[in-house]
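In: Need coordinates for the below:
(one chain, ligands or ions: 1)
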Amino acid sequence: MGTGYGYGKVILFNEHFVVYGIPAIASAIDKKTIAEVKKCKDKEFIIHDDRDATPGYKEEKLKQQEESIVRIKKAMGIEDCIEIWLHGDLKAASGIGASAASCAAIARAIADEFGLDLNDEQINEIAYEGEKAYHGSPSGIDNTCAVFGGLVWFVKGKGMEKLKIEEPVEIVMGDTGIVANTKKAVEGVRERREKYKEKYDEIFKEAEKLAYDAREALLKMDWKRVGELMNKNHKLLQEIEVSCEELDFLVDVALENGAYGAKMTGGGLGGYMVALTPGKELQEKVAKAIEKEGFYALRTKIGI
Ligand code: MEV
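Out: Have a look, this model is predicted:
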């Protein structure tokens, strides 16, 4: 039996913009998907998905998951049948990098089962192939976080740089419970960007500047400034129409309860938002406020 893991992630700045080569900042979180893989007979593959999930997520993503496994096997040159078990403490939900974490975990588990000596760069390339089934043409930020972990400055086509902060800082991730389609969200931005070129050029310029400001503030651990910039980033994401009522509501709840900043995270149109809540006390306050409204709140950290 081979085993492998992949981290969940939170995008702190510039999801969607990153698809067009604008820098983005993301962090792995301390939740993982674990895969176990065993050679078997019969079919091409058998999958047992035992991950805790947002209701409807697994059903909605089943076809994409199957295509992703076919892609991963092909990229690894594996023709044998494999049986896969997925579990771990990362909830299968939109916006938290669940698909990328599972691709990284499966690639590592296959490599382990078949005795392939692959380094993280190679696992990352394979996970990226798997991600294409979920995203169409992903930027690569999710699989990079899933494979390498840490706090990451990412530019599509150029790769990543790890950002070092002295101490991890608390965040809360609030789940709208809505299963979202990233592919559709990305396509929507592409269509509107063509249609409203001038407006979108302006927004994209702002997003680019914001990335550099955010990088500086993060490295200084200036959480007030990081929070302000997260709020600004959320506004830009609203302008390109990838947020939704539920995400905006949870962002407001977090800010009303003292979060330094809050924004949607990931593909949007549902899934998760993130609030910056330095210190255990503030984290608990914001998480409780989100839970009081009937939503799931994940307490975790960035820069782990
Ligand atoms: C999804 O987690 C992030 C997006 O920017 C898509 C991508 O980068 O491939 C929306």
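
In: Tell me how the protein divides into domains.
Out: Following automatic domain parsing, one finds the domains of the chain at 2-163, 169-302.

In: Would you reformat those as a markdown table and include mean neighbour count and mean pLDDT?
Out: From N, CA and C alone the C-beta is placed, and that goes for glycine too. As requested, the domains of the chain are arranged in a markdown table below (neighbours: other C-beta atoms under 10 Å; pLDDT from 0 to 100):
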| stretch | mean neighbour count | mean pLDDT |
| --- | --- | --- |
| domain 2-163 | 21 | 97 |
| domain 169-302 | 19 | 97 |
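
In: Could you pick out the residues of the stretch 101-250 of the chain near the ligand for me?
Out: His135, Pro138, Ser139, Ile141, Asp142, Thr182, Val186 (C-beta under 6 Å from any ligand atom).

In: from memory the fifth one sits against Lys9, does it?
Out: What it means is Asp142. Yes - when contacts are counted by C-beta atoms under 8 Å, Asp142 is listed as touching Lys9 (5.9 Å).

In: what do these two both touch?
Out: Contact criterion C-beta atoms under 8 Å, 6 or more residues apart in numbering; residues shared by Asp142 and Lys9: Ala26, Gly97, Ala100.

In: Go through those and flag which are in strands.
Out: Mapping the shared contacts of Asp142 and Lys9 onto strands (DSSP state E) picks out Ala26.

In: In CSV: the shared contacts of Asp142 and Lys9, plus distance to Val19.
Out: Below are the shared contacts of Asp142 and Lys9 laid out as CSV (distance: C-beta to C-beta, whole Å):
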residue, distance to Val19
Ala26, 13
Gly97, 15
Ala100, 15
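
In: Keep only the shared contacts of Asp142 and Lys9 that also lie close to the ligand.
Out: With C-beta under 6 Å from any ligand atom as the criterion, the shared contacts of Asp142 and Lys9 include none near the ligand.

In: Tell me the one of the shared contacts of Asp142 and Lys9 nearest Ile178?
Out: The closest of the shared contacts of Asp142 and Lys9 to Ile178 turns out to be Gly97 (C-beta to C-beta; 16.4 Å).

In: State the distance from Leu86 to Asp30.
Out: 18 Å (C-beta to C-beta, to the nearest Å).

In: before we move on, what about Gly267?
Out: Gly267 is 22 Å from Asp30, by C-beta to C-beta.

In: Also Val226?
Out: 19 Å.

In: In contact with the residue lying closest to Lys288 once chain neighbours are set aside: list those residues for me.
Out: Using C-beta to C-beta, 6 or more residues apart in numbering and skipping the chain neighbours, the partner closest in space to Lys288 is Ala297 (7.7 Å). Residues in contact with Ala297 (C-beta under 8 Å, 6+ apart) are Val172, Met173, Gly174, Asp175, Val286, Ala287, Lys288, Ile290, Glu291.

In: Point out the ones among those residues that are inside helices.
Out: Val286, Ala287, Lys288, Ile290, Glu291 (DSSP state H).

In: hang on, isn't the second one packed against Tyr296?
Out: Which is Ala287. No - with contact defined as C-beta under 8 Å, Ala287 does not count as touching Tyr296 (9.7 Å).

In: Overlap of the contact sets of the two?
Out: By C-beta under 8 Å, 6+ apart, no residue touches both Ala287 and Tyr296.

In: What is the end-to-end distance of stretch 72-91?
Out: 21 Å (C-alpha to C-alpha, to the nearest Å).

In: mind listing the helices for the stretch 151-300 of the chain?
Out: 182-195, 197-219, 223-239, 245-256, 280-292 (DSSP state H, counting those that start in this stretch).

In: Quick one: list the elements packing against the shortest one.
Out: Identification of packing neighbours for helix 245-256 by 3 or more C-beta pairs under 8 Å, 6 or more residues apart in numbering; DSSP states H and E yields strand 169-175, helix 223-239, strand 261-264, strand 272-276, helix 280-292.

In: Need those in a markdown table (columns: distance to Glu129).
Out: Shown next, in a markdown table, are the helices and strands packed on helix 245-256 (distance: least, C-beta to C-beta, whole Å):
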| stretch | distance to Glu129 |
| --- | --- |
| strand 169-175 | 27 |
| helix 223-239 | 27 |
| strand 261-264 | 27 |
| strand 272-276 | 25 |
| helix 280-292 | 35 |
